[in-house]
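K.L.:
How does the following fold in three dimensions:
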Amino acid sequence: MSALEVRGLTKRFGGVLALDHVDVVVPAGSITAVVGPSGSGKTTLLRLVAGFERPDAGTVAVGDTIVAGAGRLVAPERRRVAIVPQEGALFPHLSVAANVGFGLPRGRGKGPRVIECLELVGLAGYDKRRPDQLSGGQQQRVALARALAPHPSLIMLDEPFSALDAALRPQVRAEVVAALRADGATAVIVTHDRDEALSMADQVVVLLDGRVAQAATPATLYRAPASAEVAAFIGPGEVVSGERRGSVVHTSRGELPVDVASRAPDGRVDVVVRPEPVLVYPPTDAVDRDPVDADDDGTDRRTAGASGVDAVAAVAEDEAPA
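P.N.:
Purely as a prediction, here's the structure:
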């Protein structure tokens, strides 16, 4: 079942086309990252899903309910979509508990749910503190607890770690993901940080120039990018031109194996070689090696030359997509 389904979503601001027929499907209980450079349409997509903007075309469905498009426009507060803004936006005059419980109806279940959400984000016992008595990472976790408290259908996090120190981000990211998983929440994380997207999400949606360039699992996105633009944006690597013949691409660096099920047809292609599967040996080690030998682990070895220096590079077959 899908928690969010966006179809053909289009939005213009004057003469600027911010989103161009965007399709996104977010399965229930999953974490999806929307990643792209500045100006790619990430925040516009968030605002359209949340109900802060009206789409020019297309539909937004939360669960089984269309909340925008097809003649409907449901108010933001009725969409059951929670937002975690960049800097938390906590109420400074309220305690942590009052912040977390702000969106909950009064009743006997309010207090226990507040305590439960604070435990989920690792802040049990912090309920009586004020926001100014917390670190930046703790404030962000309180904001997440506040979003989780009313059991929304969807949580959207807008660059949630951009205001944190670089050294603190990995820890807070791990804590946020753990809390979302523990509560069974469905989340969309909007970020420009590709490492953040790849490390946190079940699905990554790459937005480039207002269009979905690719939507896939992190592993697929990294190993089999749909275009050279996606390959360059999503991670380091060398793009090598060559000619594909079956399961091999012949390049200036040697012969590189590719998956026979790869989308690229025979003929001229670009191959993305990521750094992780490449092993480089000293020239003295390379002299006696068979340049087309294969290791026991299935890794193919090819001899490559660069600027007159001999080297042996090992490229795993599933790591060099064409």
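K.L.:
so where do the strands sit in the stretch 51-200 of the chain?
P.N.:
With DSSP state E, counting those that start in this stretch, the ranges of strands along the stretch 51-200 of the chain come out as 57-62, 65-69, 72-73, 81-84, 154-158, 187-191.
K.L.:
what sits up against the third one?
P.N.:
Contacts made with strand 72-73 from outside it, assessed by C-beta atoms under 8 Å, 6 or more residues apart in numbering, are listed as 51, 54, 66, 67. Using the backbone N, CA and C atoms, a C-beta is placed for each residue, glycine as well.
K.L.:
Closest to residue 157 out of those?
P.N.:
Nearest to residue 157 among the contacts of strand 72-73, counting by C-beta to C-beta, is residue 51 at 16.5 Å.
K.L.:
Just list the residues touching the closest one, thanks.
P.N.:
67, 68, 73, 74, 75, 76, 79, 81.
K.L.:
cool, residue 147 as well?
P.N.:
82, 83, 84, 155.
K.L.:
The third one reaches residue 154, doesn't it?
P.N.:
This means residue 84. No - Residue 84 lies out of contact with residue 154 (C-beta atoms under 8 Å); the separation is 11.5 Å.
K.L.:
ok, now how distant is residue 249 from residue 277?
P.N.:
Here residue 249 is placed at a distance of 15 Å from residue 277 (C-beta to C-beta, to the nearest Å).
K.L.:
Switch the contacts of residue 51 over to a markdown table; also include neighbour count, distance to residue 267 and pLDDT.
P.N.:
As requested, the contacts of residue 51 are exported to a markdown table (neighbours: other C-beta atoms under 10 Å; distance: C-beta to C-beta, whole Å; pLDDT from 0 to 100):
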| residue | neighbour count | distance to residue 267 | pLDDT |
| --- | --- | --- | --- |
| 67 | 24 | 46 | 97 |
| 68 | 22 | 43 | 97 |
| 73 | 13 | 48 | 95 |
| 74 | 16 | 49 | 96 |
| 75 | 8 | 53 | 96 |
| 76 | 13 | 50 | 95 |
| 79 | 20 | 48 | 95 |
| 81 | 24 | 46 | 95 |
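K.L.:
Farthest-apart pair in these, please.
P.N.:
Greatest spatial distance among the contacts of residue 51 (C-beta to C-beta): 73 and 81, at 13.8 Å.
K.L.:
Can you give me the neighbour number for the residue nearest to residue 63 when sequence neighbours are not counted?
P.N.:
In space, and not counting its chain neighbours, residue 63 is closest to residue 153: 5.4 Å by C-beta to C-beta, 6 or more residues apart in numbering. With neighbours defined by other C-beta atoms under 10 Å, the count for residue 153 comes to 17.
K.L.:
tell me the contacts of residue 153?
P.N.:
Here residue 153 is in contact with 3, 62, 63, 79, 80, 81, 186 (criterion: C-beta under 8 Å, 6+ apart).
K.L.:
distance of residue 7 from residue 213?
P.N.:
Between residue 7 and residue 213 the distance is 17 Å, computed by C-beta to C-beta.
K.L.:
same question, residue 191
P.N.:
Relative to residue 213, residue 191 is positioned 15 Å away (C-beta to C-beta).
K.L.:
the more surrounded of the two?
P.N.:
residue 191 (22 against 19).
K.L.:
Does residue 35 touch residue 199 like I think?
P.N.:
No - counting by C-beta under 8 Å, residue 35 does not reach residue 199; the two are 11.4 Å apart.
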